[in-house]
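> curious how this folds, go ahead:
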Amino acid sequence: MTDADSTPPTGSAPTLGETHQTPGAAEPRRIAEFDADQPQHALAPVGFAALLSVLGVVYGDIGTSPLYAFRSTVEVISDHHSAAPWEIMGVASLIFWTLILIVTIKYVLLIMRADHNGEGGILAIMSLAQRVTTSARTRLVLGMVGIIGTCLFFGDGIITPAISVLSAIEGVEVSIPAAHEVVIPVAILVIISLFSVQWVGTGRVGTIFGPIMLLWFGTLGVLGVIQILHHPHILLALSPTYALEFVFYHGKLSFLALGAVVLCVTGAEALYADMGHFGRAPIRYAWLFFVLPMLVLNYFGQAALVIADPKALANPFFLLCPHWMQGPMVILSTLATVIASQAGISGGFSLCRQLIQLGYMPRLRITHTNAEEEGQIYLPDFNRFLAVGAVLLVVAFRSSDALASAYGIAVTGTFICTSVLAIAVFRKHFNWPAWKVGVVFGGFLLLDGTFFTANALKIPDGGWVPVMLGCVLTLMMTTWKKGRGLIIARQRQDSLPMGSFIARLPQSRTIIRVPGMAVFMTSTPDFVPPCLLHNMRHNKILHDHVLFVTVQNLDQPEAERGHRVTVEELAPDVYRVILRYGFMEMPNIPRALEELKANGVDFDALQASYFTSRELVTRSSVPRMSRWRMSIFLFMLRNSTSSMEFFRIPPDRTVELGVKVAI
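Below you'll find the predicted structure:
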């Protein structure tokens, strides 16, 4: 639940359809409960256009993994001794079965079943897990798991542009070794250019993403097939015996290699996160019948090339190409990595908005880049955060190989969080027996934990970056959540009950009623908002028509049909309005209030005046938050976006009153 200034803890919102009763007042008269600006969702048809769009948005990250995943894994072996052919085949087998187990079985066949009103992503499965859990303590634990996974996802979003663009630009060195000195400047230029055009919106350039990725995946497959035809014995690596032989023979070395193998599944979370945009079927079909085969062909082609020519390990991806094709391939790979980065950035924007709606982040300025598509948004502050982080990583690590150490731990950490949340969902929501959940997701947790532990060994070499970033972001989010909860609790303690106010209103002779309609934003519908009390105390007036508007953020993607708006008449021409929004939606107060006309409430958007409060937070005599944490909260509060912009309230019709709150 949130108002123009507040976001209390998730779960404080009343049950849908609940009628509020305040002490000392007659029972309010329910006028209506209805939809306002209710979005319509339909699954995208499984046609060529839908599959093309999926290629351009969903598979950019995992589709560019062949640039560095195979090379990084074999280099783990070559650091100890020259890799033998059977070891190369073992690496190819490990990559193949990782794609099958993690992406195909875990995400495509299982996790994508756990949609929340059609939406996917770690916050969606977190909300679904919390809804099917009755224990308050378990809900809290699941919420923390979801937030930690989200923070690691943000770390992944910063590393993806850096490692992808660097690995593509490094391809120039294959043809022009002297170009080594320009790799870093060119990579920085590409990254800055990428983030500089985000304000335009992905929708305007999205039409070219699909064809480029179609060409990219087709080229991956063709290059791999050429090498496989020269060395068809590499197809024996499809057997899991090669992967098992590699693991059992090498022991600790194979454990280190697993830390690099996981790079082949970076971007797997995007399949689930983007399910709400495209539907389950197009993502599944694109993976099973096109993306997976093309990736496997390319990985096996690289393995065949390195077996035939061990010197090709320097850059097996680009050495798959004929010499005349290496230049165009650098250009194509750069475009593909930009698209991969774009997908991660857009996903980060959506995830950031969800966190704001759920009350884990302060309001940030959100720009809608498409008047018809609600999901196409741009967050300038968050965009700058990602851009600065990506550039710093390029400058600090200076190569894709070095960045690979930082990449894996963010990916595997998110995998673990998703698996933990899936256990609750499949046990309670899908009613799987305990033994089945234990066998299936216990196995995935073991696999995810193995990958995570292997990458944890690389924390001193760069893995500390996503760990540190995840810890800092988790601290900031939990601090904001706690601070807003304390403010709401203090407001409830100090405010006047709505029932008492309504009962005294007819007898009050000191208040002058003036023509017009006033909209008072409040996070506590059972109490009088502070902005109204301050207005009456200083101006001694009250408008003829009064609306008390509360915005409730639900722990689900969208408000249920028929429950968007609830309006109740507390007294003649005094109404309480509840507006409900899911975490995938953006509030628009004037548009929602326009719908009141159909229910007998004379609302005129051009004449209404809006009243909001801005808290001036201070430490109470008995503070409930440590001084250092209070400093973090106040910094976030000062830099939050105004309620007028976030709720799309016209600033020229808004009165903002300061209210001192001690916590």
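> going forward, measure contacts between C-alpha atoms and count neighbours the same way
Will do.
> the nearest residue to Ile307 once chain neighbours are set aside and Leu379: what is the separation?
Setting aside the residues directly before and after it, Ile307 is nearest to Pro85 in space (Cα to Cα, 6 or more residues apart in numbering), at 5.4 Å. Relative to Leu379, Pro85 is positioned 49 Å away (Cα to Cα, to the nearest Å).
> between those two, which has more neighbouring residues?
The neighbour comparison of Pro85 against Leu379 (other Cα atoms under 10 Å) goes to Leu379, with 20 against 16.
> surely the more buried one meets Leu364?
Yes. If you go by Cα atoms under 8 Å, Leu379 and Leu364 touch, sitting 7.1 Å apart.
> quick check: phi and psi on Thr266?
With angles defined as degrees, to the nearest 10, Thr266 sits at phi -60, psi 130.
> would you say Lys514 is within a strand?
I think there's a mix-up here, since residue 514 is Val and not Lys. Yes. Remark: Val514 belongs to a strand, assigned using DSSP: H, G, I helix; E, B strand; the rest coil.
> contact partners for it?
By Cα atoms under 8 Å, 6 or more residues apart in numbering, the residues touching Val514 are Ile541, Leu542, His543, Asp544.
> which strands and helices lie in contact with the helix or strand where Val546 lies?
Using DSSP states H and E, the element containing Val546 is strand 541-553. Counting contacts by 3 or more Cα pairs under 8 Å, 6 or more residues apart in numbering; DSSP states H and E, strand 541-553 packs against strand 512-521, strand 574-581.
> report the buried residues of that strand.
Across strand 541-553, burial judged by 16 or more other Cα atoms under 10 Å covers Leu542, His543, His545, Val546, Leu547, Phe548, Val549, Thr550, Val551, Gln552, Asn553.
> wait, the fifth one sits on Ala518?
Just to be clear, that refers to Leu547. Yes. With contact defined as Cα under 8 Å, Leu547 counts as touching Ala518 (6.2 Å).
> out of the helices and strands packed on strand 541-553, deepest packed?
Most buried of those, by mean neighbour count (mean count of other Cα atoms under 10 Å): strand 574-581, with a mean of 23.
> so for it, mean pLDDT?
For strand 574-581, the mean per-residue pLDDT is 89.
> strand partners of it, parallel vs antiparallel please.
Strand 574-581 pairs in its sheet with strand 541-553 (parallel), strand 565-571 (antiparallel), by DSSP bridges.
> mean pLDDT added to the ones you listed, as CSV?
Compiled in CSV, those are given as follows (pLDDT from 0 to 100):
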stretch, mean pLDDT
strand 541-553, 88
strand 565-571, 86
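> need the distance between the two termini of stretch 55-66.
16 Å.
> which residues touch it?
Taking Cα under 8 Å, 6+ apart as the rule, stretch 55-66 contacts 160, 164, 206, 208-214, 217, 263-268, 270-271, 274, 283, 286, 291, 295, 298-299, 317, 333, 336-337, 339-341, 343-344.
> ok, now stretch 227-245?
Outside stretch 227-245, the residues that touch it by Cα under 8 Å, 6+ apart are 86, 89-94, 96-97, 297, 300-305, 320.
> hang on, the earlier thing: tabulate the helices and strands packed on strand 541-553 (TSV), appending distance to Lys311.
Listed next are the helices and strands packed on strand 541-553 as TSV, based on distance: least, Cα to Cα, whole Å:
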stretch	distance to Lys311
strand 512-521	68
strand 574-581	58
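> looking at this, Phe611 is in a strand?
Yes. With three-state DSSP as the criterion, Phe611 is assigned to a strand.
> ok, it - how many residues close by?
Phe611 is flanked by 23 other residues according to other Cα under 10 Å.
> likewise the one 3 residues further on?
Around Arg614 sit 18 other residues, with neighbours defined as other Cα under 10 Å.
> quick check: closest non-adjacent residue to it.
Gly658 (4.8 Å).
> so the one you found: helix, strand or coil?
Applying three-state DSSP: Gly658 is strand.
> was I right about Arg280 contacting Leu110?
No. The criterion here is Cα under 8 Å, and Arg280 misses it with Leu110 at 11.2 Å.
> which residues touch Ala268?
By Cα under 8 Å, 6+ apart, the contact list for Ala268 reads Ile62, Ile102, Val103, Tyr107.
> buried ones in stretch 113-130, by neighbour count?
Of all the residues in stretch 113-130, those buried under the rule 16+ other Cα under 10 Å are 114-116, 118-130.
> average pLDDT for the one helix or strand Val338 maps to?
Per DSSP H and E: Val338 is located in helix 323-358. The average pLDDT within helix 323-358 is 81.
> got the angle for that helix vs strand 541-553?
Relative orientation of helix 323-358 and strand 541-553, computed by axes from the mean of the first three to the mean of the last three Cα atoms, to 10 degrees: 130 degrees.
> and helix 323-358, which residues are buried?
So, applying 16+ other Cα under 10 Å, buried residues of helix 323-358: 326-327, 329-330, 332-358.
> so what's the nearest residue to Leu364 once chain neighbours are set aside up against?
Nearest in space to Leu364, with sequence neighbours left out and distances taken as Cα to Cα, 6+ apart, is Thr641 at 5.0 Å. Neighbour list for Thr641: Pro362, Arg363, Leu364, Arg365 [criterion: Cα under 8 Å, 6+ apart].
> just the buried ones from the residues you listed, in ChimeraX syntax?
In ChimeraX syntax, the buried subset of the contacts of Thr641 is picked out as below (16+ other Cα under 10 Å):
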select :362,363,364,365
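> what about the contacts of Thr641, which are in strands?
Among the contacts of Thr641, no member falls in strands (DSSP state E).
> just flag the most distant two among the contacts of Thr641.
Pairwise distances across the contacts of Thr641 peak at 10.0 Å for Pro362 and Arg365 (criterion: Cα to Cα).
> neighbours of Ala434, how many?
Neighbour count of Ala434, defined by other Cα under 10 Å: 12.
> ugh, typo on my part, it should be Ser613
By the criterion of other Cα under 10 Å, Ser613 has 24 neighbours.
> gap between it and Cys531?
Distance, Ser613 to Cys531, using Cα to Cα: 5 Å.
> who touches both of those two?
With Cα under 8 Å, 6+ apart, Ser613 and Cys531 have common neighbours Glu656, Leu657, Gly658, Val659.
> just checking, the first one touches Glu615?
No. Under the contact definition of Cα under 8 Å, Glu656 does not touch Glu615, with a separation of 10.2 Å.
> contacts only, for Ser422.
In this structure residue 422 is Ala, not Ser. Taking Cα under 8 Å, 6+ apart, we find Ala422 in contact with Ile111, Ala114, Ile125, Ala129, Phe441.
> past the helix or strand hosting it, which element shows up next along the chain?
If you go by DSSP H and E, Ala422 is part of helix 400-424. Downstream of helix 400-424, the first helix or strand assigned by DSSP H and E is helix 434-456.
> next, the buried residues of the next helix or strand after that next one.
As assigned by DSSP H and E, the chain's next helix or strand after helix 434-456 is helix 464-494. Judged by neighbour count using 16+ other Cα under 10 Å, the buried positions of helix 464-494 are 464-467, 469-470, 473-474, 476-488, 491-492.
> Thr138 versus Leu128, what's the distance?
13 Å.
> ditto for Met144
Distance from Met144 to Thr138, by Cα to Cα: 10 Å.
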